[in-house]
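Q: Pasting the sequence and the predicted model now:
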Amino acid sequence: MQGKKRWAMVALSTILLTASWAIADDDGHKGEEHDNNKTTENAAPATVDPIYVKECGACHFPFPVGMLPDRSWRAIMADLPHHFGEDATLPEKVAAKILDYAVANAGERSKNRLDRYVASSIKADQVPLRISEVPFFVKEHTEVAKHVNAKGPVSHWSSCPLCHTKADSGSFDEDEVKIPQANK
Amino acid sequence: MMKQSMMAMIFTLMTMITAMTATAATLEEQLASYRTQGAGTFDPKAGQTLWTTSHGTDPEVGEKVCTACHLNDPRKPGKHRKTGKIIEPMAVSVNPQRFTDPEKVEKWFLRNCRQVMGRECTPQEKGDVLSYLGGL
(Lines give C-alpha, C1' and ligand atoms only; values in the text may rest on other atoms or scores of the structure.)
Protein backbone atom coordinates (compact mmCIF):
# COMPACT_ATOMS: atom_id res chain seq x y z
CA MET A 1 0.00 0.00 0.00
CA GLN A 2 2.20 2.79 -1.29
CA GLY A 3 4.83 1.48 1.09
CA LYS A 4 7.87 2.76 -0.79
CA LYS A 5 6.46 6.21 -1.36
CA ARG A 6 5.59 6.60 2.30
CA TRP A 7 9.09 5.65 3.41
CA ALA A 8 10.63 8.03 0.94
CA MET A 9 8.50 10.82 2.41
CA VAL A 10 9.42 9.86 5.95
CA ALA A 11 13.11 9.73 5.06
CA LEU A 12 12.96 13.07 3.30
CA SER A 13 11.18 14.83 6.12
CA THR A 14 13.62 13.33 8.62
CA ILE A 15 16.53 14.72 6.65
CA LEU A 16 14.91 18.13 6.32
CA LEU A 17 13.88 18.40 9.94
CA THR A 18 17.20 17.13 11.24
CA ALA A 19 19.04 19.52 8.96
CA SER A 20 16.94 22.47 10.01
CA TRP A 21 17.56 21.63 13.65
CA ALA A 22 21.28 21.11 13.17
CA ILE A 23 21.74 24.19 11.03
CA ALA A 24 19.63 26.52 13.14
CA ASP A 25 21.94 29.13 14.58
CA ASP A 26 22.32 28.48 18.28
CA ASP A 27 21.48 31.87 19.53
CA GLY A 28 20.00 32.78 16.19
CA HIS A 29 16.39 33.51 15.63
CA LYS A 30 15.55 32.67 12.04
CA GLY A 31 15.43 28.92 12.50
CA GLU A 32 13.37 28.99 15.63
CA GLU A 33 10.73 31.39 14.41
CA HIS A 34 10.37 29.20 11.40
CA ASP A 35 9.98 26.09 13.56
CA ASN A 36 7.36 27.69 15.73
CA ASN A 37 5.23 28.47 12.72
CA LYS A 38 5.55 24.95 11.42
CA THR A 39 3.13 23.61 14.04
CA THR A 40 1.22 20.59 12.83
CA GLU A 41 -2.00 18.97 14.00
CA ASN A 42 0.10 16.58 16.12
CA ALA A 43 1.98 19.31 17.90
CA ALA A 44 1.66 20.05 21.57
CA PRO A 45 -0.64 23.05 21.95
CA ALA A 46 1.54 25.09 24.29
CA THR A 47 3.61 27.71 22.48
CA VAL A 48 7.28 27.59 23.32
CA ASP A 49 8.78 30.73 24.81
CA PRO A 50 11.27 32.21 22.30
CA ILE A 51 13.69 33.16 25.10
CA TYR A 52 13.64 29.57 26.30
CA VAL A 53 14.36 28.32 22.78
CA LYS A 54 17.15 30.86 22.27
CA GLU A 55 18.93 30.25 25.57
CA CYS A 56 18.16 26.62 26.34
CA GLY A 57 18.44 25.57 22.71
CA ALA A 58 21.98 26.93 22.33
CA CYS A 59 23.82 23.69 23.13
CA HIS A 60 21.10 21.10 22.63
CA PHE A 61 17.51 20.66 21.54
CA PRO A 62 15.27 22.83 23.76
CA PHE A 63 13.53 20.04 25.67
CA PRO A 64 9.78 20.34 26.22
CA VAL A 65 9.31 21.75 29.72
CA GLY A 66 6.21 19.57 30.20
CA MET A 67 8.49 16.55 30.45
CA LEU A 68 9.87 17.41 33.88
CA PRO A 69 8.07 18.49 37.03
CA ASP A 70 8.20 21.93 38.55
CA ARG A 71 10.81 20.92 41.17
CA SER A 72 13.20 19.62 38.50
CA TRP A 73 13.23 22.93 36.64
CA ARG A 74 13.85 24.79 39.89
CA ALA A 75 16.84 22.53 40.57
CA ILE A 76 18.23 22.86 37.04
CA MET A 77 17.87 26.64 36.99
CA ALA A 78 19.47 26.95 40.44
CA ASP A 79 22.82 25.62 39.27
CA LEU A 80 23.49 26.75 35.69
CA PRO A 81 27.25 27.30 36.28
CA HIS A 82 27.57 23.54 36.81
CA HIS A 83 25.15 22.28 34.20
CA PHE A 84 26.01 18.66 33.36
CA GLY A 85 29.69 19.58 33.41
CA GLU A 86 29.17 22.74 31.32
CA ASP A 87 28.98 26.36 32.34
CA ALA A 88 25.55 27.58 31.19
CA THR A 89 25.42 30.76 33.30
CA LEU A 90 22.74 33.28 32.34
CA PRO A 91 22.11 36.83 33.52
CA GLU A 92 19.79 36.61 36.55
CA LYS A 93 16.89 38.36 34.85
CA VAL A 94 16.91 36.02 31.87
CA ALA A 95 17.18 32.96 34.13
CA ALA A 96 14.23 34.18 36.19
CA LYS A 97 12.08 34.59 33.05
CA ILE A 98 12.94 31.10 31.88
CA LEU A 99 12.17 29.61 35.28
CA ASP A 100 8.76 31.32 35.26
CA TYR A 101 8.01 29.85 31.86
CA ALA A 102 9.21 26.36 32.81
CA VAL A 103 7.31 26.28 36.09
CA ALA A 104 4.09 27.56 34.49
CA ASN A 105 4.22 24.79 31.88
CA ALA A 106 5.85 22.00 33.92
CA GLY A 107 4.59 18.41 33.91
CA GLU A 108 2.06 18.93 36.70
CA ARG A 109 0.33 21.64 34.71
CA SER A 110 0.64 20.31 31.19
CA LYS A 111 -2.45 19.24 29.27
CA ASN A 112 -0.38 17.12 26.92
CA ARG A 113 -1.09 13.37 27.20
CA LEU A 114 2.55 12.29 27.02
CA ASP A 115 3.66 14.91 29.55
CA ARG A 116 1.14 13.52 32.01
CA TYR A 117 2.48 9.98 31.58
CA VAL A 118 5.98 11.30 32.15
CA ALA A 119 4.98 13.27 35.26
CA SER A 120 2.97 10.45 36.81
CA SER A 121 5.89 8.00 36.46
CA ILE A 122 8.04 10.10 38.81
CA LYS A 123 7.88 9.42 42.55
CA ALA A 124 7.00 12.39 44.76
CA ASP A 125 10.41 12.40 46.48
CA GLN A 126 12.44 12.24 43.27
CA VAL A 127 13.93 15.30 41.58
CA PRO A 128 15.17 14.05 38.20
CA LEU A 129 17.53 16.41 36.38
CA ARG A 130 17.37 14.45 33.16
CA ILE A 131 14.29 13.65 31.12
CA SER A 132 16.27 10.68 29.87
CA GLU A 133 16.28 9.21 33.40
CA VAL A 134 12.57 9.53 34.08
CA PRO A 135 10.95 6.05 34.47
CA PHE A 136 8.41 6.52 31.65
CA PHE A 137 11.20 7.67 29.33
CA VAL A 138 13.43 4.72 30.22
CA LYS A 139 10.58 2.27 29.68
CA GLU A 140 9.63 3.74 26.29
CA HIS A 141 13.24 3.70 25.14
CA THR A 142 14.54 0.32 26.35
CA GLU A 143 14.33 -1.15 22.87
CA VAL A 144 16.22 1.69 21.18
CA ALA A 145 18.83 2.16 23.90
CA LYS A 146 21.32 0.15 21.85
CA HIS A 147 21.18 2.82 19.11
CA VAL A 148 22.41 5.56 21.44
CA ASN A 149 26.19 5.38 21.67
CA ALA A 150 29.25 7.47 20.92
CA LYS A 151 29.97 5.67 17.67
CA GLY A 152 26.52 5.71 16.10
CA PRO A 153 24.58 8.50 14.41
CA VAL A 154 22.81 9.23 17.72
CA SER A 155 25.44 9.87 20.39
CA HIS A 156 23.18 11.26 23.14
CA TRP A 157 19.58 11.06 24.26
CA SER A 158 19.54 14.84 24.21
CA SER A 159 19.34 14.72 20.40
CA CYS A 160 15.60 13.98 20.51
CA PRO A 161 14.89 15.32 16.97
CA LEU A 162 17.23 12.81 15.36
CA CYS A 163 14.63 10.10 16.11
CA HIS A 164 11.48 12.12 16.80
CA THR A 165 10.97 13.69 13.42
CA LYS A 166 8.42 16.25 14.66
CA ALA A 167 10.17 17.15 17.91
CA ASP A 168 10.89 20.64 16.60
CA SER A 169 7.18 21.37 16.61
CA GLY A 170 6.76 19.82 20.06
CA SER A 171 5.35 16.46 19.03
CA PHE A 172 6.74 13.13 20.30
CA ASP A 173 4.08 10.78 19.03
CA GLU A 174 5.37 7.23 18.53
CA ASP A 175 4.09 7.22 14.93
CA GLU A 176 6.61 9.88 13.99
CA VAL A 177 9.72 8.06 15.23
CA LYS A 178 12.40 7.13 12.73
CA ILE A 179 15.75 5.80 13.96
CA PRO A 180 18.68 7.10 11.88
CA GLN A 181 20.81 4.29 10.50
CA ALA A 182 24.60 4.27 10.66
CA ASN A 183 26.42 4.76 7.36
CA LYS A 184 27.88 1.47 6.25
CA MET B 1 17.68 38.72 -18.65
CA MET B 2 21.31 39.80 -18.49
CA LYS B 3 20.33 43.12 -17.08
CA GLN B 4 18.21 41.51 -14.41
CA SER B 5 20.92 39.16 -13.22
CA MET B 6 23.40 42.02 -13.19
CA MET B 7 21.02 44.01 -11.05
CA ALA B 8 20.56 41.05 -8.75
CA MET B 9 24.30 40.65 -8.43
CA ILE B 10 24.87 44.31 -7.67
CA PHE B 11 22.09 44.23 -5.13
CA THR B 12 23.58 41.15 -3.45
CA LEU B 13 27.01 42.76 -3.39
CA MET B 14 25.62 45.92 -1.89
CA THR B 15 23.78 44.00 0.80
CA MET B 16 26.94 42.07 1.58
CA ILE B 17 29.02 45.20 1.84
CA THR B 18 26.46 46.88 4.07
CA ALA B 19 26.35 43.82 6.29
CA MET B 20 30.13 43.68 6.48
CA THR B 21 30.61 47.33 7.36
CA ALA B 22 27.84 47.10 9.94
CA THR B 23 29.64 44.17 11.59
CA ALA B 24 33.00 45.89 11.41
CA ALA B 25 31.53 48.85 13.23
CA THR B 26 30.12 46.70 16.00
CA LEU B 27 33.31 44.72 16.35
CA GLU B 28 35.21 48.02 16.54
CA GLU B 29 32.79 49.20 19.24
CA GLN B 30 33.31 45.97 21.12
CA LEU B 31 37.10 46.42 21.00
CA ALA B 32 36.77 50.08 22.01
CA SER B 33 34.75 49.05 25.05
CA TYR B 34 37.52 46.61 26.09
CA ARG B 35 40.02 49.49 25.76
CA THR B 36 37.97 51.61 28.14
CA GLN B 37 38.21 48.65 30.55
CA GLY B 38 42.00 48.92 30.50
CA ALA B 39 43.12 46.87 27.50
CA GLY B 40 45.93 48.06 25.24
CA THR B 41 46.64 47.25 21.59
CA PHE B 42 45.08 44.00 20.45
CA ASP B 43 47.18 41.20 19.05
CA PRO B 44 45.51 38.63 16.76
CA LYS B 45 48.48 36.27 17.27
CA ALA B 46 47.89 36.26 21.02
CA GLY B 47 44.21 35.64 20.29
CA GLN B 48 45.08 32.64 18.17
CA THR B 49 47.35 31.27 20.91
CA LEU B 50 44.52 31.57 23.45
CA TRP B 51 42.18 29.89 20.96
CA THR B 52 44.41 26.83 20.54
CA THR B 53 46.02 26.45 23.99
CA SER B 54 44.91 23.37 25.92
CA HIS B 55 44.41 23.60 29.69
CA GLY B 56 44.41 19.88 30.36
CA THR B 57 41.57 17.41 30.48
CA ASP B 58 38.45 17.40 32.61
CA PRO B 59 37.25 13.85 33.34
CA GLU B 60 33.61 14.85 32.81
CA VAL B 61 33.77 17.01 29.68
CA GLY B 62 37.08 16.25 27.97
CA GLU B 63 39.91 18.48 26.76
CA LYS B 64 39.80 22.06 28.00
CA VAL B 65 40.46 24.06 24.84
CA CYS B 66 38.37 26.47 22.75
CA THR B 67 38.79 24.28 19.70
CA ALA B 68 37.09 21.33 21.41
CA CYS B 69 33.87 22.90 20.11
CA HIS B 70 34.96 25.58 17.63
CA LEU B 71 37.80 23.90 15.63
CA ASN B 72 41.33 25.06 14.83
CA ASP B 73 40.05 26.69 11.66
CA PRO B 74 37.33 29.07 12.87
CA ARG B 75 36.13 29.46 9.28
CA LYS B 76 34.65 25.98 9.51
CA PRO B 77 31.55 25.03 11.50
CA GLY B 78 32.26 23.39 14.84
CA LYS B 79 30.28 20.92 16.89
CA HIS B 80 29.41 20.96 20.57
CA ARG B 81 31.66 18.17 21.84
CA LYS B 82 29.10 16.83 24.25
CA THR B 83 25.75 17.23 22.53
CA GLY B 84 26.89 17.15 18.90
CA LYS B 85 24.98 20.30 18.04
CA ILE B 86 26.47 22.19 15.07
CA ILE B 87 28.13 25.53 15.92
CA GLU B 88 28.27 27.98 13.02
CA PRO B 89 31.74 29.28 12.00
CA MET B 90 33.29 31.85 14.34
CA ALA B 91 35.29 33.77 11.72
CA VAL B 92 33.53 37.02 10.87
CA SER B 93 34.62 36.71 7.21
CA VAL B 94 32.37 33.67 6.70
CA ASN B 95 29.76 34.46 9.35
CA PRO B 96 29.04 38.21 9.50
CA GLN B 97 26.45 37.60 12.24
CA ARG B 98 29.25 36.99 14.73
CA PHE B 99 29.90 39.44 17.58
CA THR B 100 27.06 41.75 16.62
CA ASP B 101 25.31 41.37 19.98
CA PRO B 102 27.50 42.52 22.91
CA GLU B 103 25.37 40.73 25.53
CA LYS B 104 25.73 37.46 23.67
CA VAL B 105 29.48 37.94 23.30
CA GLU B 106 29.93 38.59 27.03
CA LYS B 107 27.65 35.70 28.01
CA TRP B 108 29.74 33.21 26.05
CA PHE B 109 33.12 34.64 27.03
CA LEU B 110 32.09 34.29 30.67
CA ARG B 111 30.96 30.68 30.25
CA ASN B 112 33.67 29.46 27.92
CA CYS B 113 36.66 31.11 29.59
CA ARG B 114 35.60 29.75 32.99
CA GLN B 115 34.98 26.35 31.44
CA VAL B 116 38.28 26.15 29.54
CA MET B 117 40.70 28.32 31.56
CA GLY B 118 39.12 28.05 34.99
CA ARG B 119 38.73 31.83 35.23
CA GLU B 120 37.18 34.77 33.41
CA CYS B 121 39.05 36.27 30.45
CA THR B 122 40.50 39.78 30.82
CA PRO B 123 39.37 42.58 28.49
CA GLN B 124 42.79 42.29 26.82
CA GLU B 125 42.31 38.57 26.12
CA LYS B 126 38.77 39.05 24.83
CA GLY B 127 39.97 41.80 22.47
CA ASP B 128 42.85 39.63 21.26
CA VAL B 129 40.45 36.77 20.47
CA LEU B 130 37.97 39.03 18.68
CA SER B 131 40.70 40.68 16.61
CA TYR B 132 41.90 37.19 15.63
CA LEU B 133 38.40 35.99 14.69
CA GLY B 134 37.56 39.29 13.04
CA GLY B 135 40.69 39.38 10.89
CA LEU B 136 40.68 35.91 9.35
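A: Looks like it arrived, so ask away. Residues are numbered from 1 along each chain as shown, chains lettered A, B, ... in the order given.

Q: B:Arg114 reaches A:His83, doesn't it?
A: No - with contact defined as C-beta atoms under 8 Å, B:Arg114 does not count as touching A:His83 (12.0 Å). Every C-beta, even on glycine, is put in place using the N, C-alpha and C of the backbone.

Q: and residue 103, what helix or strand is that in?
A: Going with chain A. Assigning secondary structure by DSSP states H and E places A:Val103 in helix A:92-104.

Q: You answered for a different chain; I wanted chain B.
A: helix B:102-117.

Q: Tell me the buried residues in stretch B:27-42?
A: Within stretch B:27-42, the residues that qualify as buried by neighbour count (16 or more other C-beta atoms under 10 Å in any protein chain shown) are B:27, B:30-31, B:34, B:39, B:42.

Q: what does stretch B:101-109 give?
A: Buried residues in stretch B:101-109 (16+ other C-beta under 10 Å): B:104-105, B:107-109.

Q: between these, which is closest to chain A?
A: Closest approach between the buried residues of stretch B:101-109 and chain A, by C-beta to the nearest C-beta: B:Lys104, at 5.5 Å.

Q: Can you pull the poorly scored residue ranges out of the chain?
A: If you meant another chain, say so; for now it's chain A. Scanning chain A with the threshold set as pLDDT under 70 gives A:1-46, A:183-184.

Q: other chain: chain B
A: In chain B, residues with pLDDT under 70: B:1-25.

Q: hmm, try it at 50
A: B:22 (pLDDT under 50).

Q: got the residues of it near chain A?
A: Listed as neighbours of chain A in chain B under the rule C-beta under 8 Å from any C-beta of the partner chain: B:58, B:60-61, B:80, B:82-88, B:97, B:101, B:103-104, B:107, B:110-112, B:114-115.

Q: filter those residues to the buried ones?
A: B:61, B:80, B:82-85, B:87-88, B:97, B:104, B:107, B:110-112, B:115.

Q: a markdown table for the buried residues of stretch B:27-42, including secondary structure and distance to A:Ser155?
A: Putting the buried residues of stretch B:27-42 into a markdown table (DSSP: H, G, I helix; E, B strand; the rest coil; distance: C-beta to C-beta, whole Å) gives the following:
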| residue | secondary structure | distance to A:Ser155 |
| --- | --- | --- |
| B:Leu27 | helix | 34 |
| B:Gln30 | helix | 34 |
| B:Leu31 | helix | 37 |
| B:Tyr34 | helix | 37 |
| B:Ala39 | coil | 39 |
| B:Phe42 | coil | 37 |
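
Q: Would you mind listing the two of the residues you listed that lie farthest apart?
A: Maximum pairwise distance among the buried residues of stretch B:27-42 (C-beta to C-beta): 14.2 Å, between B:Leu27 and B:Ala39.

Q: Can you show me the strands along chain A?
A: Using DSSP state E, chain A contains no strands.

Q: which residue ranges form the helices in chain A?
A: A:3-23, A:30-37, A:50-56, A:70-78, A:92-104, A:113-120, A:135-141, A:160-163 (DSSP state H).
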